[in-house]
Structure formats: structure tokens, C-alpha cells
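J.: just need the structure, nothing else, for what follows:
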Amino acid sequence: MKISARLRAVKPSATFAMAAEATALRNQGRDVIDLSVGEPDFDTPEHVKAAARVAMARGLTKYTPIGGTDELKDAISTKLRRDNGLEYGRAEVMASCGGKHSLYTAFQALFDEGDEVVLPAPYWVSYPEMLVLAGAVPRIVTTTAARGFRMAPAELEAALGPRSVAVILNSPSNPTGAAYSAEELRALGRVALQRKLVVITDDIYERLTARPVAHIGTIVPELRPNLVVVNSVSKSYAMTGWRIGYTAAPAELIRAMTVLQGQTTTNPTSIAQAAAAAALTGPQDSVAAMEREFTERLALMVEGLGTIPGVRLAPPQGAFYVFPDVSAFFGRRGPDGPVASATDLSMYLLRHAGVASVPGEGFGAAAHVRFSYAAARVLLEEGLARVKRALAALR
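T.: Next up is the predicted model:
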């Protein structure tokens with residue numbers, strides 16, 4: 001059977017590929033510490049689960065409006081006002097089946113064949129693939145560890161061509177944990193205004209940071225007609241499996257996205273919508289607790305990696321990842337032969353140290369690997385010890 005050309009051009013997710021490999025080894029009885037997938041190891045807050053139970057008891061198990069219930073839309077608006085200083089009404093917000101679905105739908109609604117979208121690298125593995133599926137062309141800006149993996153305004157300007165229509169910002173970033181300052185966002189926003197770019201801001205990790213993260217929509221309010229804000233309850237509320245993401249944007253884009261969603265998934269799960277509304281408007285204590293714990297785990301990871309000769313790390317400001325440069329080990333040999341790439345190194349660590357990571361090639365950074373610290377501290381400590389021993393064993 002023939003597969004479409006556009007899908008043949010799309011690569012599988014590197015993060016889930018490594019997680020699948022780790023699962024396969026674990027099913028064989030191997031002891032594997034999984035530091036690959038970006039998923040909080042906390043449980044969904046009890047008041048959120050209670051809201052879902054209430055929704056089921058009330059019989060809220062039917063179709064909802066395509067873009068979400070009024071209750072959830074109002075909760076999204078409340079959250080944006082409270083946390084970001086952004087004002088959006090019901091016609092300017094919609095819910096989808098996770099943050100990835102929100103981004104995919106926005107890309108499909110925004111871009112025509114050949115439109116160029118500026119994408120700072122390292123980037124989340126799904127951005128370029130979703131852009132390709134939308135017919136868009138990623139214009140990659142390679143950032144450096146020396147600058148904290150943050151794109152400079154001059155780099156954004158230099159990347160723009162005659163068909164450049166948008167830029168994607170992810171702060172804090174997956175995989176680097178880099179976060180832009182208010183001054184940096186103001187400067188990037190000025191370039192976007194001058195060049196009439198759509199600014200797509202992926203805020204999924206905004207709450208999981210040691211210090212407040214600035215929002216370009218607040219700092220450069222003139223961007224609002226061309227601003228697309230995407231977020232999710234997955235990370236901040238430990239609700240990855242509930243699959244609720246949301247978008248705030250001009251009403252005309254929300255209408256277009258709603259048309260597309262109506263012809264694909266229709267509405268997100270009604271029960272999950274009720275839970276998400278409770279998460280966004282209810283007590284925020286669990287978010288603060290996760291934030292504190294992740295901050296302490298980050299310190300553990302930075303300290304532990306700092307004791308491994310050859311590993312170089314630009315300390316992150318948020319999210320729950322570290323993204324060290326491991327290129328010093330390329331060219332050495334392990335039991336399976338030469339280690340020539342980040343993929344080789346990740347496979348070596350998985351098979352011979354029992355630690356799952358994600359190689360940097362999928363993130364546009366071939367010298368790096370990503371470790372998630374969304375795991376208990378005892379696992380992180382053991383994982384770091386295994387990595388240190390395994391890297392020292394390479395010859």
C-alpha cells in the first residue's frame with residue numbers, strides 16, 4: 001500500500017522511540033532508569049480528579065462544543081489573565097487534545113505551502129515535523145551554549161527571507177531549559193513587529209521554573225494581532241494522560257482552527273475538560289510544590305554532571321531537562337564498537353548502564369543528549385552514578 005509523500009518525509013518522535021527501547025529492555029527483566037520521556041512523576045492533584053468524578057456523576061459524558069466548554073474557555077481566560085497578564089475572551093480561546101494537537105492545528109490553519117517559519121535550535125523534536133506536515137519550511141537558527149541557547153535578535157533578523165511568516169518561541173525550552181529574559185523578548189518582539197511575523201509562543205513549561213518567566217505578549221502588547229499562545233495542563237498539573245491543550249489567538253485564527261478540529265478530532269474529552277477547568281482555576285499549591293521539587297532536582301543534576309570529566313552543561317532555567325554536550329566521548333569505544341554520535345552514546349548508556357536518555361540529533365543538536373529529571377531523587381542519583389561509571393569505561 002502506498003503511503004503519502006508528505007508522511008514519508010516525517011520522522012518518528014525520538015523521545016518516544018527511546019522510551020519504547022527502554023520499555024522493551026525492561027520487559028526482558030533489565031533494570032532501566034528511564035530519564036527519557038518528559039512526564040512529571042507526580043500524580044494529578046486530587047481536586048482535579050475529584051472534578052472529573054463529579055463530571056461523570058452529573059452525566060457530562062456527551063459531545064461538547066468543538067473548541068471546548070464555556071467553563072473551560074473561561075478557565076483558560078482566567079489563567080492567562082492571572083499568570084500572564086493577557087486578556088482573551090471566549091471567542092479567542094479553544095481547547096484541543098493536548099498541547100501538541102494545539103500546535104499542529106495552529107500550523108495547519110496558519111501556513112501555506114512554502115511559507116518559512118524561524119525555529120531556534122535546539123528545538124522540540126515535533127516542531128519541524130509538524131511544520132513539514134503543514135507544507136511550511138523550517139528556517140533553523142542554531143543557538144549556542146555560550147549564549148545559553150537563546151536566539152539573539154540579529155540572528156532572527158538574519159534568518160528571515162522573503163517567504164518568512166512566523167517564528168516559534170519555547171521558553172523555558174525543551175530540551176535545553178533555556179528561558180528568555182524580558183529584555184531579550186522585547187528585542188525579539190521588535191524584530192517580529194517590524195517584519196510582520198506571527199509569533200507562536202509555546203508556554204507548556206512556564207510554571208516549572210525557579211523564577212517567573214516573562215511573556216512576550218505582555219512585554220510587547222503590539223504583537224497581539226499576530227500572537228498565538230499555546231499551552232497545556234500536561235506538565236504543570238501532571239495531567240499528561242488527560243490530553244488537554246489550549247490556544248489563545250485572534251478570533252479569526254480560532255475560528256479556522258475550530259473548523260479543522262471539527263473535521264478531525266471534534267471536541268476534547270468532556271470529562272478531561274472539567275478536570276482541566278478545575279486545574280486552571282483551583283488551588284495552585286501542587287504547581288508550587290512541583291516547581292520547588294524540580295528546582296532541587298535540577299541542582300542535583302547540575303552538580304552530578306559537573307563531576308563527570310568531559311561532560312559540559314549550560315545550566316537550564318526551567319522545564320525538567322538537562323542537555324549536556326557529550327561530544328568529548330565521540331570516537332571512543334564501548335562493547336558494541338565505536339561511539340560516533342549522540343545516538344550511539346544514548347544506546348550505549350541504555351544497554352550497558354541501564355539509563356535511558358534521548359540523543360540530541362532529533363533536537364537539532366548532534367553533540368548533546370537529553371536527560372529528564374522528572375524522576376525520584378534516588379533514581380536520579382543512581383542514574384548519575386551509572387552514567388559516570390559507563391562514560392569512564394569508554395576507551
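J.: give the buried residues for the longest helix anywhere in the chain.
T.: Longest helix in the chain, counting residues (DSSP state H): helix 285-306. For helix 285-306, the neighbour count (16 or more other Cβ atoms under 10 Å) marks 286-287, 290-291, 293-294, 297-298, 301-302, 304-305 as buried. For the C-beta atoms, the positions are set from N, CA and C on the backbone; glycine is no exception.
J.: list the helices and strands that helix packs on?
T.: Helix 285-306 is packed against strand 321-322, helix 377-393, with contacts defined by 3 or more Cβ pairs under 8 Å, 6 or more residues apart in numbering; DSSP states H and E.
J.: what about it, average pLDDT?
T.: Mean per-residue pLDDT for helix 285-306: 96.
J.: who touches it?
T.: By Cβ atoms under 8 Å, 6 or more residues apart in numbering, the surrounding residues in contact with helix 285-306 are 40, 42, 45, 177, 207-210, 236-238, 311, 313, 315-316, 320, 322, 324, 371, 373-374, 377, 380-381, 384, 388.
J.: tell me, how many residues neighbour residue 28?
T.: By other Cβ atoms under 10 Å, 8 other residues sit near residue 28.
J.: I'd say residue 39 and residue 321 touch.
T.: No. With contacts counted by Cβ atoms under 8 Å, residue 39 stays clear of residue 321, the gap being 11.6 Å.
J.: so for those two, which sits in the more crowded spot?
T.: Applying other Cβ under 10 Å to residue 39 and residue 321 shows that residue 321 carries more neighbours, namely 24 against 18.
J.: show me what that one bridges to in the sheet.
T.: residue 372 (DSSP bridges).
J.: helix or strand right after the lowest-mean-pLDDT helix or strand in the chain?
T.: One helix or strand of the chain scores below all others by mean pLDDT, DSSP states H and E: helix 14-27, with a mean of 80. Counting by DSSP states H and E, the next helix or strand C-terminal to helix 14-27 is strand 33-34.
J.: which strands or helices does that next one pack on?
T.: helix 14-27, strand 355-356, helix 377-393.
J.: how about 7 Å then?
T.: strand 355-356, helix 377-393 (3 or more Cβ pairs under 7 Å, 6 or more residues apart in numbering; DSSP states H and E).
J.: tell me the strands beside it, with direction?
T.: With DSSP bridges as the test, strand 33-34 pairs up with strand 355-356 (parallel).
J.: quick check: next helix or strand after the partner strand?
T.: Strand 355-356 is succeeded, C-terminally, by strand 358-359 (DSSP H and E).
J.: I'd assumed residue 88 was in contact with residue 217.
T.: No. At 9.7 Å, residue 217 does not count as touching residue 88 under the criterion of Cβ atoms under 7 Å.
J.: now do residue 208, the pLDDT please.
T.: For residue 208, pLDDT reads 89.
J.: pretty sure it is touching residue 234, no?
T.: No. With contact defined as Cβ under 7 Å, residue 208 does not count as touching residue 234 (11.0 Å).
J.: cool, thanks, signing off.
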